[in-house]
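Asker: Here's a sequence, model it:
(chains A and B)
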Protein chains: 2
Amino acid sequence: MTLFITESEVTNILSHKKAIELLDEGMKAVGSGKAFNMPRKRIPVGYGGGAMNIMAASWPEKGIAGHKSYVVSKGKATFVVLLYSTEGNGLLAVIEANMLGQIRTGAASGLASKYMANNKSKTLSIIGTGFQAQSQLLSIASIFDLDAVNVYSRSENKRNLFVSNLSKQVDVEIKPHENLENAIEGSDIICLITNSAKPVLPDEFIMNGMHINAAGGNNWLRSEISPESMEKFHLITCDSIEQAKYESKELMEATEKGIISWNNVKELGSLIYENKKRESENHITLYESLGIAIQDLSVAKYIYDQISSVK
Amino acid sequence: MTLFITESEVTNILSHKKAIELLDEGMKAVGSGKAFNMPRKRIPVGYGGGAMNIMAASWPEKGIAGHKSYVVSKGKATFVVLLYSTEGNGLLAVIEANMLGQIRTGAASGLASKYMANNKSKTLSIIGTGFQAQSQLLSIASIFDLDAVNVYSRSENKRNLFVSNLSKQVDVEIKPHENLENAIEGSDIICLITNSAKPVLPDEFIMNGMHINAAGGNNWLRSEISPESMEKFHLITCDSIEQAKYESKELMEATEKGIISWNNVKELGSLIYENKKRESENHITLYESLGIAIQDLSVAKYIYDQISSVK
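Answerer: Predicted coordinates for the structure are as follows:
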């Protein structure tokens, strides 16, 4: 029997902390070659922009395969995950996946920070306050013992609203800032979660010891840090190099200009599989988050298991 | 509201003749650049073979986008089409798509035959009697005034059962044959619908005036006619050249060996858009049917419209 799982079921079941654990296992499986990932493909849906996006993964040892697809058009977006059995049990679930996607995208930054940031990180900066920003903060707060969160976005209203909303959800002081530099200064972990086409983080603000999650841009028309800044990083990871080669403007520009080579970029799943972490407190590290289907599949499996076990 | 559309609703609504009309319009839209098609991708689902397959399309002027995915594993197959609105109306339908796929695959051969075969074709050969064979016969019978259908497959039991079943459904004599040559001789239209890894149709059986639909193999491990036979054809079409370049063993081998060039292969949608037909009664023509998502989307839209208009 196919389950239809709603947004509210997803949010009731899936915590940010749990999502990080699930992604840890799923991305490690890709890193070890035991799970398979198909990078996102896009098809245009009209002259005014918009696209249908589709990304897929399979995880034979868990007996599952699936995909997320979403149509963004006319100012609306609809996200759906299908979860199939690979053991002959057909279509297991159709899952509304707007919240699922937000939570797993936050979890990806949480997971990257777990392996790449200083483990005593105390200060988090969130740059951008759109609909994807909340789960960045909640994920990282779920696994680090933070002292302070600093928030910057261009709109004062959105910034203050975001801080007010999030302050109710976590037990740490969250401060809005009028300028980017103040929001970044002394930070251990920075989440860039904007839809900017041009770098938002000036190179000179990138300091020793920082870990940056560049989680906003996921197509080659968007960029949050400059290609020139790439040579500052001691470690750069992404979800999928195959996907980054046509989606990550930052990495595409930096490799095209010869500032770094693709051999300087490691997949996060491989890092996890090799159980590597940052090598020095002073290193500067970067995670290019694009989003891949194994992340959706990992959390979809858990949500399905929770619901089917009580039905 | 999202509709869940079952196999039986699909078969009640979608006739073979209607499916040919729908594919005619859909593939023409791709040929004219007004619809967009993403070739099939496969991800393995385990060591014992099997895969998740996914293919997508969008058709902005109809306000739709969608995809078909299917998992083949442990001897079972599950097919699902999702139909999205691109006008902000979200997910329109989840459609069980086993029968949908069979009918549209038959319709693709019907459509190719409409443009490529002699329009006075009287004799049809069906080579192969598996689950995809029936719709090949029914589709072509729905648009040609046939005198005879000749059927060959290796298994006498399956062959006789097929002939007995199909004879109840169409008003034309259907004959089983013990050898391939007798089933092919004098035929105007031939449908190859096998899962053979090696050519089943000997080159010397391919005669002037014939149109062949090679509809069985849709991955590069399968082949129904030899690469050497390719030079016999005056016109070769396929669904998608991009897809054929990694799925059609026949075309891949023939181009690799220099027997033909990819410039000798035309997409069926382009042929339809240019409103071209065969140029001579004596020409020999070939349609390499792989299956593309615009075919699924075309029929899915019609099925959805029929059901939603009465709900």
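Asker: Identify the residue of the stretch 201-311 of chain A closest to chain B, quick one.
Answerer: As assessed by Cβ to the nearest Cβ, chain B sits closest to A:A293 within the stretch 201-311 of chain A, at 9.1 Å. From N, CA and C alone the C-beta is placed, and that goes for glycine too.
Asker: Show me which residues of the stretch 51-200 of chain A sit near chain B.
Answerer: Taking Cβ under 8 Å from any Cβ of the partner chain, the part of the stretch 51-200 of chain A that reaches chain B is made up of A:52, A:54, A:56-58, A:60, A:65-67, A:69, A:71, A:73-76, A:78, A:80, A:82, A:84-88, A:90-91, A:94.
Asker: Keep only those of these that are in strands.
Answerer: Residues of those located in strands (DSSP state E): A:52, A:54, A:56-58, A:65-67, A:69, A:71, A:73, A:76, A:78, A:80, A:82, A:84-85, A:91, A:94.
Asker: Please check those residues and keep the buried ones.
Answerer: A:52, A:54, A:56-58, A:65-67, A:69, A:71, A:73, A:78, A:80, A:82, A:84-85, A:91, A:94 (16 or more other Cβ atoms under 10 Å in any protein chain shown).
Asker: Tell me where chain A has strands.
Answerer: Assigned strands in chain A, in chain order: A:3-5, A:36-44, A:51-59, A:64-73, A:76-85, A:91-96, A:123-127, A:148-152, A:173-177, A:189-192, A:211-214, A:235-238, A:265-267, A:285-288 (criterion: DSSP E).
Asker: Okay, now the sheet partners of the third one, with direction.
Answerer: Next to strand A:51-59 in the sheet, as set by DSSP bridges, lie strand A:36-44 (antiparallel), strand A:64-73 (antiparallel).
Asker: likewise the first one?
Answerer: For strand A:3-5, sheet partners with direction are given as strand A:91-96 (parallel), following DSSP bridges.
Asker: Now A:E96. Nearest residue, chain neighbours left out?
Answerer: A:E7 (4.6 Å; Cβ to Cβ, 6 or more residues apart in numbering or on different chains).
Asker: Please report the distance of A:S142 from chain B.
Answerer: Remark: distance between A:S142 and chain B (Cβ to the nearest Cβ, to the nearest Å) = 30 Å.
Asker: er, A:K28 actually
Answerer: 18 Å.
Asker: circling back: give me the neighbour count for the residue of the stretch 201-311 of chain A closest to chain B.
Answerer: For A:A293, the neighbour count with other Cβ atoms under 10 Å in any protein chain shown is 31.
Asker: from memory it sits against A:A65, does it?
Answerer: No: using Cβ atoms under 8 Å, A:A293 is not in contact with A:A65, being 9.7 Å away.
Asker: mind showing which ranges of chain A have poor pLDDT?
Answerer: Along chain A, the parts satisfying pLDDT under 70 run over A:47.
Asker: Please name the residues that touch A:I190.
Answerer: By Cβ atoms under 8 Å, 6 or more residues apart in numbering or on different chains, A:I190 lies in contact with A:L124, A:S125, A:I127, A:I184, A:L201, A:M210, A:H211, A:I212, A:N213.
Asker: any chance of those residues in TSV, plus neighbour count?
Answerer: Formatted as TSV, the contacts of A:I190 follow (neighbours: other Cβ atoms under 10 Å in any protein chain shown):
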residue	neighbour count
A:L124	27
A:S125	27
A:I127	28
A:I184	22
A:L201	21
A:M210	25
A:H211	26
A:I212	31
A:N213	32
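Asker: Specify the beta-bridge partners of the closest residue to A:A244 other than its chain neighbours.
Answerer: Distance criterion Cβ to Cβ, 6+ apart; nearest residue to A:A244, sequence neighbours excluded, is A:C238 at 4.5 Å. On the basis of DSSP bridges, A:C238 is bridged to A:E267, A:E288.
Asker: what number of residues lie near A:C238?
Answerer: 26.
Asker: before we move on, what about A:W220?
Answerer: For A:W220, using other Cβ under 10 Å, the count is 16.
Asker: show me the contacts for it.
Answerer: A:Y246, A:E247, A:S248, A:K249, A:M252.
Asker: Got a PyMOL select line for the buried ones in those?
Answerer: Buried members of the contacts of A:W220, defined by 16+ other Cβ under 10 Å, are picked up in PyMOL with:
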select buried, chain A and resi 247+248+249+252
